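Pasting the sequence and the predicted coordinates here, then a few questions.
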Amino acid sequence: MAIDPDSLRERFGSDPEALIADNLAEVRGRIEAACARAGRPTGSVRLLPISKTVPEPVLRIAYALGLDELGENKVQEAKAKAEAMADLAIRWTVVGHLQRNKAKEVARFASEFQALDSLGVAKALHERLLAEDREIDVLIQVNTSGEATKFGLAPDEVEAFLDALPAYPRLRPRGFMTLALFSPDAARVRPCFERLRSLRDHLSGQTPAGLLPELSMGMSGDYKMAIEEGATVVRVGQGIFGRRPGSDAHYWPGLIPG
Ligand SMILES: *Cc1c(COP(=O)(O)O)cnc(C)c1O
């Protein structure tokens, strides 16, 4: 896929390496500060760079700067990039909703899937992983905002879901993921993060302790708050790669632009 240098320059400027290095330093600094405020060790938060819409040449630059794990929302886009950059040791995570017929692709290239929200997908993934003789880390997506347009299990469905998961041993459950309400109003966003943490804490009391520790929550606009609420993984795209042009409606169904 040829990429027009002018459009690259328009989006990433004349020195993408400096842009990404600066952004990364800033994001890491903010993570560190948020951890300090919350009385948590810095190493307790993993920064997962989200690379959707970012083209291969820029991701190669990011890799050279040390970003060796990337998250993508769409399977097709992730797969194309994983194939194009098979020469690099990148660990790929799929963070967006999966349709069963795409399980085959995910089983091939992804090391982690953060949007598990149905037993149908769990079964399809497990079968494909068996065929590939692979395993995958999974996070269970929980709908903490109550919005009908968001994917994810309702909080009160999660316990039964976890009980059923051992039937698919190629999946390694690690914890939970959520997309908070998209709102500039922190007072409405924070409860989504609190809900995921308290759900995990509640369920940790029932399963062997520490089995499902991960909380993937927080994006460019709200990761500091998510860290205060206990995030162990933050998914940051625009904070690292700069503003995404166009609408995100393709990636987030139900998103109301503006
Ligand atoms: C795009 C995306 C992100 C990152 O959003 P930014 O605003 O770029 O930080 C996080 N999680 C999911 C599921 C995404 O699709």
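Yes, it's here.

Residue numbers of the stretch 1-150 of the chain in contact with the ligand?
Residues of the stretch 1-150 of the chain lying close to the ligand (Cβ under 6 Å from any ligand atom) are I50, K52, N73, V95, G96. For glycine as for every other residue, the C-beta is placed from the backbone atoms N, C-alpha and C.

Just the closest of those to P173, please.
P173 lies nearest to V95 out of these, by Cβ to Cβ, at 15.9 Å.

how about the nearest residue to whatever residue of the stretch 101-250 of the chain ends up closest to the ligand, chain neighbours excluded?
The ligand sits closest to G237 of the stretch 101-250 of the chain, with a gap of 2.4 Å, by Cβ to the nearest ligand atom. In space, and not counting its chain neighbours, G237 is closest to I50: 3.5 Å by Cβ to Cβ, 6 or more residues apart in numbering.

give me every residue that touches that neighbour.
Listed by Cβ atoms under 8 Å, 6 or more residues apart in numbering, the contact set of I50 reads L70, G71, E72, N73, V95, M219, R235, V236, G237, I240.

Phi first, then psi, for the third one.
Dihedral angles of E72 (phi, psi; degrees, to the nearest 10) stand at phi -130, psi 150.

contacting residues for it?
Contact analysis of E72 by Cβ under 8 Å, 6+ apart lists I50, S51, K52, A78, K81, W92, T93, V94, V95, G96.

one more time with 7 Å, if that's ok
Counting by Cβ atoms under 7 Å, 6 or more residues apart in numbering, E72 touches S51, K52, A78, K81, W92, V94, V95.

now swap in V75 and tell me
Taking Cβ under 7 Å, 6+ apart, we find V75 in contact with V94, L98, K102, E105, V106.

Find the nearest non-adjacent residue to it, please.
In space, and not counting its chain neighbours, V75 is closest to K102: 4.4 Å by Cβ to Cβ, 6+ apart.

Okay, buried residues for the helix or strand bottoming out on mean pLDDT in the chain please.
Lowest on mean pLDDT, DSSP states H and E among the helices and strands of the chain sits helix 5-12, with a mean of 91. Residues of helix 5-12 classed as buried: R11, F12 (neighbour count, 16 or more other Cβ atoms under 10 Å).

got the CA coordinates for that helix in PDB?
Only the C-alpha atoms of helix 5-12 are listed here, as PDB (Å, rounded to 0.1, in the frame of the first residue of the first chain):
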ATOM      1  CA  PRO A   5       4.300  11.600   1.600                       C
ATOM      2  CA  ASP A   6       2.300  14.800   1.500                       C
ATOM      3  CA  SER A   7      -0.600  13.300   3.500                       C
ATOM      4  CA  LEU A   8       1.900  11.900   6.000                       C
ATOM      5  CA  ARG A   9       3.500  15.300   6.400                       C
ATOM      6  CA  GLU A  10       0.100  16.900   6.800                       C
ATOM      7  CA  ARG A  11      -0.800  14.600   9.600                       C
ATOM      8  CA  PHE A  12       2.500  13.900  11.400                       C
END
